[in-house]
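Colleague: Prediction below, plus the sequence it came from.
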Amino acid sequence: MTSAGFDPKFLGTAAGLPALTDSGATDAVELDGSTTIDYTHFSLAMSKSRKFASWVAWNIDGGEMKALSRNNIPFVKDPRIPAEFQTGDELYRDNRLDRGHLARRADLCWGPKAEAQKANRDSFFFTNITPQMDDFNQSTKEGLWGRLEDAVLADVDVDDLKVSVYGGPVFNADDRVFRSVAIPREFYKAIAFVVDGELRCSAFLLTQNIVLAEALDLDEFRVFQVSLTELEKRLSLTFPAELHAADTASVQLLEEADRKPLDSLGDIRW
């Protein structure tokens, strides 16, 4: 399977891939000598210890989107990567956990039809999937998290309707373990776009408070706008310098204890 992967020049200006820290690189799965694994319209890095992607980066061409069905596309492990470093259906059977896409399926379905169809299928590899409470997908389908990419394309005069997105789970040492898998309770997303030739980047953190005892339960979902610098403190990676320079949250945001979650898309600083 040969795929072009994430295009760092997609926006017409440099917006490259995250760089893993030394510890992140040591923990990363390598494919053909690289920790970056390419698919159609997206790339990612896999954590050996957590068996999920540490980051996923994808390109969205809003002017070339195709409406494609997800029917009859199975979730499968990527045969290029040892199965022991991937989390599959063994985690998701008979419980409230959904198989949640990191790079949104709909975001990837663009370009010529055959290319869009390949991207659609590629999105179902377990390397692009993390466990999310069933309410996560349902609550965020019309909520803030699920609409961030759509919102920037709708609310901002984005050059050429093109957006690049970076996202993944936050690996916390105290994440609760279920079926021998530590379940991420936080996710991040950074959205890069160009307005009048100027690169901008807006970053977000979502918390899904998971209680794992005899049953799976959920407290609440909260979405915060954060700086890339704050995200880096939680992750085993650094974002490209050009994204830091373009960070729309460059002014110091409130400390975590004082920060309020976003109530609506209108609260976002694009």
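Modeller: Looks like it came in fine. Numbers count the residues shown, from 1 in each chain.
Colleague: Where do the helices of the stretch 151-270 of the chain begin and end?
Modeller: Listed in chain order, the helices of the stretch 151-270 of the chain (DSSP state H, counting those that start in this stretch) span residues 228-234, 241-245.
Colleague: What mean pLDDT does the last one get?
Modeller: It stands for helix 241-245. For helix 241-245, mean pLDDT is 96.
Colleague: ok, L31 - contacts?
Modeller: I37, R80, I81 (C-beta atoms under 8 Å, 6 or more residues apart in numbering). For glycine as for every other residue, the C-beta is placed from the backbone atoms N, C-alpha and C.
Colleague: Quick check: which of the helices of the stretch 151-270 of the chain is buried the most?
Modeller: Compared across the helices of the stretch 151-270 of the chain, helix 228-234 shows the largest average neighbour count, a mean of 17 (mean count of other C-beta atoms under 10 Å).
Colleague: Excluding sequence neighbours, find me the nearest residue to F52.
Modeller: Nearest residue to F52 in three dimensions, chain neighbours excluded: T130, at 5.2 Å (C-beta to C-beta, 6 or more residues apart in numbering).
Colleague: Distance of the one you found relative to N72?
Modeller: Distance from T130 to N72, counting by C-beta to C-beta, to the nearest Å: 23 Å.
Colleague: Between these two, which is the more surrounded one?
Modeller: T130 (25 against 5; other C-beta atoms under 10 Å).
Colleague: what are the phi and psi values for the more buried one?
Modeller: With angles defined as degrees, to the nearest 10, T130 sits at phi -130, psi 160.
Colleague: still on that earlier bit, highest neighbour count among the contacts of L31?
Modeller: If you rank those by neighbour count (other C-beta under 10 Å), I37 sits at the top with 25 neighbours.
Colleague: was I right about that one contacting A45?
Modeller: Yes. Counting by C-beta atoms under 8 Å, A45 is a contact partner of I37 at 6.9 Å.
Colleague: Quickly list what's touching both of these two.
Modeller: Counting by C-beta under 8 Å, 6+ apart, the residues touching both I37 and A45 are V29.
Colleague: what residue ranges in the stretch 1-150 of the chain score low on pLDDT?
Modeller: 1-3, 134-143 (pLDDT under 70).
Colleague: repeat that with 90
Modeller: Across the stretch 1-150 of the chain, the ranges flagged by pLDDT under 90 are 1-4, 14, 69-70, 72, 94-98, 132-147, 150.
Colleague: buried stuff in the host helix or strand of D150?
Modeller: In the assignment (DSSP states H and E), D150 maps to helix 144-155. Going by neighbour count (16 or more other C-beta atoms under 10 Å), the buried part of helix 144-155 is L144, W145, G146, L148, E149, D150, A151, V152, L153.
Colleague: So what's the residue count around the closest residue in space to L161 that isn't next to it in sequence?
Modeller: Of all residues not flanking L161 in the chain, G62 sits nearest, at 3.5 Å (C-beta to C-beta, 6+ apart). G62 sits with 18 neighbouring residues when counted by other C-beta under 10 Å.
Colleague: contacting residues around the residue lying closest to D159 once chain neighbours are set aside?
Modeller: Once flanking residues are discounted, D159 sits nearest to V194: 4.2 Å by C-beta to C-beta, 6+ apart. Going by C-beta under 8 Å, 6+ apart, V194 touches L11, G12, T13, V158, D159, D160, K162, R200.
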